[in-house]
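Asks: sequence first, then the predicted structure:
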Amino acid sequence: MQFSQKSIRRLITVTLTFVAVMMSLFGFWGCKDRQGAQAKTPPTPEVAVMTVEPQRIVLTTELPGRTATYRIAEIRPQVNGLIQKRLFEEGANVKMGDVLYQIDSAPLQAALDSAKAALRRSEANVPAIRAREERFKKLLAEKVVSQQDYDDVAAALRQTEADTQYWRGMRKANQINMEYTKVRAPISGRIGRSSVTEGAIVTAYQPVPLATIQQLDPIYVDLQQSTTELLRLRRRIEEGQLNKDGSSEQKVKLIMPDGTPYPLEGTLQFRDVTVAPSTDSVTLRVVFPNPEGVLMPGMFVRALVIEGVNEHAIMIPQQAVSRDPKGDPFVFIVDAEDNVQMCPLTLDRAIGDQWLVTDGIKQGDRVIVEGILKVRPGAKVKVASAAAAKTADGAPTTPQAK
């Protein structure tokens, strides 16, 4: 097939036009891509910071423990006899001096009456024998009676006086035994079940108690503190990191087994000096008022014990602390040139929603608390107000500390 020169020129013209149009389109798209790349350049991230300021805090430690009876009394008879009456209700509160049991007193009453009669007889003989001894003493001086006769009368007098003292003691002993037939409560508290009923024979000081009384108001709470914590606390006090806080240091707060706080404060009574070998811990005994009987012996509880006061504590929000691959804590701070720096931390403990910091940052440092996921060490940031800054997940911000 043959083409004319005119057709060939027309084909060349169309081809060149098509190439020019395509090159123009490519140039337009290239400019647009460059403009889009420039538009997608990320802006300087905004972060919220808090300025570190030391503050005064009271440090406490949470210790486990169990409640224990303040006082306990096992009721035992002090005389032999038959239980005639039980005069209390099991599980009730009794007062010191209340009569709990009545033991048959008839045999002891008879012994008391016999001792009284013997005492009266002995006392009746004393005046006559004493008068005779006085007469014999005068007659001995006049040598009317022999020395032997006087000695016999003097010995009879001393024997009668001794008998009088003996029966006086027997009367007192039987009076005491009569009083012991009324078994009384030695302390106030709640009494448990009775181990005997009416008609039971009991013996003096028997090994099995008749009942047990427990005083529950106040009540003890025995806490366990490890020797490691105890030594650390002493070291901090010696180094001046903690100060004693006077009487408030003896106050203890209690947390019930269901997690609710006990409304009344206790008082630290003493810290034991002996370490338990099985647990490597020492016992702290605390006394708590228990007017409503909420605390019962044997309950597992937790207590907040005041360690001391840190006058220059550095606290930062927990949300500001991150962890490296090894699990070590660190924070990002903003330096004077608004550049991000990473600072490793040494943490003491969590207090509420904050960490207590012992090393790593100092007063005046600006710690990033919002926008942590948008920064990296060395990057430049814009410090915004806490209200304007947002975390990466859109959570509300924390107001900036002044």
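Replies: Noted; the coordinates are in hand. Numbering: from 1, shown residues only.

Asks: going by C-alpha atoms from here, please, whenever you check contacts or count neighbours.
Replies: Will do.

Asks: lowest average confidence, helix or strand, in this structure?
Replies: When the helices and strands of the chain are scored by mean pLDDT, DSSP states H and E, helix 5-39 comes last with a mean of 55.

Asks: mind checking which helix or strand the residue nearest to the spatial centre of the chain is in?
Replies: By C-alpha atoms, centre = their mean, the mean C-alpha position of the chain lies nearest to Ala303, the distance being 2.7 Å. Assigned by DSSP states H and E, Ala303 falls within strand 300-317.

Asks: helix or strand next in line after that strand, which one?
Replies: Downstream of strand 300-317, the first helix or strand assigned by DSSP H and E is strand 322-323.

Asks: give me the contacts around that next one.
Replies: If you take C-alpha atoms under 8 Å, 6 or more residues apart in numbering as the criterion, strand 322-323 is touched by 329-331.

Asks: redo that, cut-off 6 Å
Replies: 329-330 (C-alpha atoms under 6 Å, 6 or more residues apart in numbering).

Asks: listing partners with orientation, what would you give for it?
Replies: Sheet pairing here is set by DSSP bridges, and for strand 322-323 it gives strand 329-334 (antiparallel).

Asks: hang on, the earlier thing: the inter-axis angle of the strand holding Ala303 versus strand 329-334?
Replies: 30 degrees (axes from the mean of the first three to the mean of the last three C-alpha atoms, to 10 degrees).

Asks: which secondary structure elements does strand 300-317 contact?
Replies: Helices and strands touching strand 300-317, by 3 or more C-alpha pairs under 6 Å, 6 or more residues apart in numbering; DSSP states H and E, are strand 55-68, strand 251-255, strand 354-359.

Asks: now the second one and strand 55-68, what's the angle there?
Replies: Between the axis of strand 251-255 and that of strand 55-68 there is an angle of 60 degrees, by the same axes, to 10 degrees.

Asks: tell me the SS of Leu119?
Replies: Judged by DSSP: H, G, I helix; E, B strand; the rest coil, the three-state class of Leu119 is helix.

Asks: number of nearby residues for the closest residue to it other than its chain neighbours?
Replies: Using C-alpha to C-alpha, 6 or more residues apart in numbering and skipping residues adjacent in sequence, the residue nearest Leu119 is Trp167, 4.9 Å away. Trp167 has 21 neighbouring residues, counting by other C-alpha atoms under 10 Å.

Asks: in which helix or strand does Trp167 reside?
Replies: Per DSSP H and E: Trp167 is located in helix 147-180.

Asks: which other helices and strands does that helix contact?
Replies: Helix 147-180 is packed against helix 106-141, with contacts defined by 3+ C-alpha pairs under 6 Å, 6+ apart.

Asks: the helices in the stretch 151-300 of the chain, which residues?
Replies: 227-239 (DSSP state H, counting those that start in this stretch).

Asks: can you list the weak-confidence ranges in the stretch 301-402 of the chain?
Replies: 385-402 (pLDDT under 70).

Asks: map the structural domains onto the sequence of the protein.
Replies: Annotated domains of the chain cover 46-54+312-383, 59-70+216-311, 77-213 [automatic domain parsing].

Asks: isn't Thr212 right up against Glu74?
Replies: Yes: between Thr212 and Glu74 a contact is recorded at 4.5 Å, counting by C-alpha atoms under 6 Å.

Asks: between these two, who's got more neighbours?
Replies: Each of Thr212 and Glu74 has its neighbours counted (other C-alpha under 10 Å); Thr212 has more, 18 against 15.

Asks: quick one, what contacts that one?
Replies: 73-75, 191-192 are the contacts of Thr212 under C-alpha under 6 Å, 6+ apart.

Asks: roughly how far apart are it and Arg190?
Replies: In this structure, Thr212 and Arg190 are 8 Å apart, going by C-alpha to C-alpha, to the nearest Å.

Asks: ok, now Gln102?
Replies: Using C-alpha to C-alpha, Gln102 is found at 19 Å from Arg190.

Asks: where are the low-confidence patches of the stretch 101-250 of the chain?
Replies: Along the stretch 101-250 of the chain, the model assigns pLDDT under 70 to residues 236-249.
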